[in-house]
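> This is the structure alone, sequence omitted:
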């Protein structure tokens with residue numbers, strides 16, 4: 001596999017994973033991302049909501 005092919009495959013995989021994640025509710029996405037000893041679940045939910053709000057605002061401005 002060439003470098004260009006590997007980059008294309010990686011980009012496709014990342015897009016698919018992001019689409020799957022974005023289809024989840026903030027709560028479900030936070031549960032999937034949660035790791036023991038990591039960011040508290042409620043804080044992660046809040047962060048996901050903020051990030052999605054920012055992405056919507058940027059999309060509306062474009």
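That came in fine, so what should we check first? Since the model is a prediction, treat every value here as computed from it, not as a measurement.

> Enumerate every residue touching residue 9.
With contact set as C-beta atoms under 8 Å, 6 or more residues apart in numbering, residue 9 has these partners: residue 1. Where you see a C-beta, it was placed from the backbone N, CA and C, and this is true even at glycine.

> where's it relative to residue 22, distance?
20 Å (C-beta to C-beta, to the nearest Å).

> try residue 43
Residue 43 is 19 Å from residue 22, where distance means C-beta to C-beta.

> do the same with residue 38
21 Å.

> what's the spacing between the helix or strand encompassing residue 12 and its chain's center?
In this structure, residue 12 sits in helix 3-23 according to DSSP states H and E. For helix 3-23, the separation from the chain centroid amounts to 12 Å (computed by C-alpha atoms, centre = their mean, to the nearest Å).

> Downstream of that helix, the next helix or strand is which one?
Next along from helix 3-23, by DSSP H and E: helix 26-33.

> helices and strands around that following helix, which ones?
The elements that helix 26-33 packs onto, with contact taken as 3 or more C-beta pairs under 8 Å, 6 or more residues apart in numbering; DSSP states H and E, are helix 3-23, helix 41-61.

> Just the buried positions in the last one, please.
Within helix 41-61, the residues that count as buried by 16 or more other C-beta atoms under 10 Å are 44, 45, 48.

> Name the SS class of residue 35, please.
Assigned by DSSP: H, G, I helix; E, B strand; the rest coil, the conformation of residue 35 is coil.

> Just give me the neighbour total for it.
Residue 35 has 7 neighbouring residues, counting by other C-beta atoms under 10 Å.

> Please state the backbone phi and psi of it?
Backbone torsions of residue 35, given as degrees, to the nearest 10, read phi -130, psi 140.
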